[in-house]
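Student: pasting the structure only:
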Ligand SMILES: Nc1nc2c(c(=O)[nH]1)N[C@H]1C(S)=C(S)[C@@H](COP(=O)(O)OP(=O)(O)OC[C@H]3O[C@@H](n4cnc5c(N)ncnc54)[C@H](O)[C@@H]3O)O[C@H]1N2
Ligand code: MOO
Ligand SMILES: [Mg+2]
């Protein structure tokens, strides 16, 4: 059996997990289902936008050369052009057109003067221009947003709201994205009973539903396969039912107890284990392996350990499946409000509630840090990284905080 000096460092365990991820096939989805996903192909512009030079302001379309004379310059006012209309007249020397924001620039004009910098004559057929402007002033040039045929958004682009707006502006209502990963979740443990049939003297299986919410939030499609009893046969039976998924998450049975059979059952099934046991707390007995196109993550049974390992290893893997380049757990600088002590050796991830105060994020560790109870994770907003080399942190120390994807 390995001792703690042989445990894998957290960064290496994550890198090795990510290296096992295989790309998923592409599907076309409507924009309503595309938010937060990534483009599986380059998307080219189908139309030039804006289709014509147009005005950025309500005002007057002018020939800028006319305004080099001493100000104010009086111009004769021709037609009025609204958005959605096509100009009919050319703007000749000494004349201008009234124009609204978004309306096409008429021939002859090369600039727009905003209405507030002009004074219309009482008759309304001429205008005094109060400022001189150069060519292109307040003109939105044709093709500023997109030119037909060019790559508008490259493959891998995460689809946020402006990206989807840009694509919709091109008349695209569906986009190619990696399909959502299918994730099987199974619990193991003789002590467990399902949440909808709670039994006296049993522990309700909270891990499978909690993990399935975490999978959904990460963009995957969970299926909860049930509870395996602590026998090789029953764990193997449920693992066999999980075959064909993109990711299989097991909970519990990962440590060195006499009924911890999950690793054995995985090996029997032909899953090649890449690593077991990581130098972290909570979550040390994590195991990761692969068989064919399926990634297997054996998560520790302690409820908070399963969620912390989800956050640090499983969520990055799901993001990679979904085509994201940026998959590392996000981190932000903060300061510790409190004292922390530990023996050096393991990276600890401390559940904290962090709040802004005078421009800094102050992290207060939750009173209980046990991994055996989910209550210790409730109301945590971040995980505070207490580095392996360190044994003491004091109030005011600079720390690294990982915002939690679990929080409300
Ligand atoms: N001798 C050692 N013992 C343990 C070590 C070690 O290094 N040496 N590691 C400890 C750590 S760290 C963890 S984490 C746990 C992991 O245990 P397992 O993955 O084997 O999980 P179990 O032993 O089956 O269960 C642990 C605990 O969690 C409860 N549990 C399990 N599944 C669920 C569920 N679906 N919903 C709610 N609660 C669940 C279970 O009842 C146990 O209380 O091992 C330590 N031991
Ligand atoms: O690391 Mo275990 O995951 O502490 O409870
Ligand atoms: Mg155990």
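Tutor: Everything's here; your move. No experiment lies behind these values; they were computed from the predicted model shown. Residues are numbered from 1 along each chain as shown. Ligands and ions are numbered 1, 2, ... in the order given.
Student: what residues are up against the residue in the stretch 151-300 of the chain positioned nearest to ligand 2?
Tutor: Residue of the stretch 151-300 of the chain nearest ligand 2, by C-beta to the nearest ligand atom: residue 282 (3.4 Å). C-betas here are computed from N, CA, C, even on glycine. By C-beta atoms under 8 Å, 6 or more residues apart in numbering, the contact list for residue 282 reads 300, 302, 304-305, 308-309, 349, 371.
Student: Report the separation between the closest residue to residue 168 other than its chain neighbours and ligand 3.
Tutor: Closest residue to residue 168 apart from its sequence neighbours, by C-beta to C-beta, 6 or more residues apart in numbering: residue 31 at 6.1 Å. Noted for residue 31: a distance of 46 Å to ligand 3, by C-beta to the ion, to the nearest Å.
Student: For residue 31, give its distance to residue 161.
Tutor: Relative to residue 161, residue 31 is positioned 10 Å away (criterion: C-beta to C-beta, to the nearest Å).
Student: same thing with residue 183?
Tutor: In this structure, residue 183 and residue 161 are 26 Å apart, going by C-beta to C-beta.
Student: Counting neighbours, which of the contacts of residue 282 comes out on top?
Tutor: Across the contacts of residue 282, the neighbour count under other C-beta atoms under 10 Å reaches its highest value at residue 309, namely 29 neighbours.
Student: picking up where we left off before, who has more neighbours out of residue 31 and residue 161?
Tutor: Neighbour comparison, residue 31 and residue 161: the larger count goes to residue 31, with 15 against 8 (by other C-beta under 10 Å).
Student: mind listing what that one touches?
Tutor: The neighbourhood of residue 31, defined by C-beta under 8 Å, 6+ apart, consists of 164, 167-168, 172-175.
Student: Please apply the same query to residue 79.
Tutor: Counting by C-beta under 8 Å, 6+ apart, the residues that residue 79 touches are 87-89, 97-98, 106.
Student: what pLDDT does residue 375 get?
Tutor: At residue 375, the predicted lDDT confidence score is 87.
Student: same deal with residue 251?
Tutor: Model confidence at residue 251, expressed as pLDDT, equals 97.
Student: quick revisit: put together a markdown table for the contacts of residue 31, with distance to ligand 3 and pLDDT on each row.
Tutor: A markdown table is the format used below for these (distance: C-beta to the ion, whole Å; pLDDT from 0 to 100):
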| residue | distance to ligand 3 | pLDDT |
| --- | --- | --- |
| 164 | 45 | 98 |
| 167 | 49 | 96 |
| 168 | 51 | 97 |
| 172 | 51 | 96 |
| 173 | 50 | 97 |
| 174 | 47 | 98 |
| 175 | 44 | 98 |
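Student: Please flag which of those sit within strands.
Tutor: Using DSSP state E, the subset of the contacts of residue 31 located in strands is 174-175.
Student: So among the contacts of residue 31, which ones count as buried?
Tutor: By neighbour count, with 16 or more other C-beta atoms under 10 Å, the contacts of residue 31 hold 164, 167, 175 as buried.
Student: now, among those, which is nearest to residue 296?
Tutor: Ranked by distance to residue 296 (C-beta to C-beta), the buried ones among the contacts of residue 31 are led by residue 175 at 30.6 Å.
Student: What separation do you get for the closest residue to the closest one other than its chain neighbours and residue 145?
Tutor: Computed as C-beta to C-beta, 6+ apart, the closest residue to residue 175 that is not its neighbour in sequence is residue 34, at 5.1 Å. When distance is defined by C-beta to C-beta, residue 34 is 20 Å away from residue 145.
Student: Give me every residue in the stretch 201-350 of the chain lying close to ligand 2.
Tutor: Selection of the stretch 201-350 of the chain residues close to ligand 2 by C-beta under 6 Å from any ligand atom yields 281-284, 300, 302, 305.
Student: Go through the residues you listed and say which is closest to residue 15.
Tutor: residue 283 (16.2 Å).
Student: in the stretch 51-200 of the chain, which spans are strands?
Tutor: When secondary structure is read from DSSP state E, counting those that start in this stretch, the stretch 51-200 of the chain shows strands at 54-55, 59-62, 73-81, 95-99, 111-114, 118-120, 126-129, 139-140, 151-153, 174-178, 182-188, 192-193.
Student: anything in the helix or strand just after the last one near ligand 3?
Tutor: Proceeding C-terminally, strand 192-193 gives way to strand 203-204 as the next helix or strand, assigned by DSSP states H and E. No - Strand 203-204 stays clear of ligand 3 (C-beta under 5 Å from the ion), getting no nearer than 12.8 Å.
Student: Run through who's touching strand 203-204.
Tutor: Outside of strand 203-204, the residues that reach it under the criterion C-beta under 8 Å, 6+ apart are 189, 191-195, 198.
Student: 7 Å instead?
Tutor: Contacts with strand 203-204, where a contact means C-beta atoms under 7 Å, 6 or more residues apart in numbering, come from 191-193, 195, 198.
Student: now swap in stretch 250-263 and tell me
Tutor: 1, 186-189, 207-208, 211, 230-232, 235, 273, 276, 285-287, 298-301, 306.
Student: What is the end-to-end distance of it?
Tutor: 10 Å (C-alpha to C-alpha, to the nearest Å).
Student: And stretch 337-355, by the same measure?
Tutor: 10 Å.
Student: What residues of that stretch count as buried?
Tutor: Within stretch 337-355, the residues that count as buried by 16+ other C-beta under 10 Å are 337-338, 340, 342, 346-352, 354.
Student: Relative to ligand 2, which of those is nearest.
Tutor: residue 346 (8.5 Å).
Student: My read is that the closest one contacts residue 283, right?
Tutor: No - the pair residue 346 and residue 283 does not pass the contact test of C-beta atoms under 7 Å, sitting 9.8 Å apart.
Student: Any idea which of the contacts of strand 203-204 the model trusts least?
Tutor: For the contacts of strand 203-204, the minimum pLDDT belongs to residue 198; the value there is 91.
Student: how about the helices of this structure, start to end?
Tutor: Counting by DSSP state H, the chain forms helices over residues 10-19, 161-168, 207-217, 232-241, 262-269, 303-309, 315-321, given from the N-terminal end onward.
Student: do the third one and ligand 1 meet?
Tutor: Pointing back at helix 207-217 there. Yes - interface with ligand 1: helix 207-217 contributes 207-208 (C-beta under 6 Å from any ligand atom).
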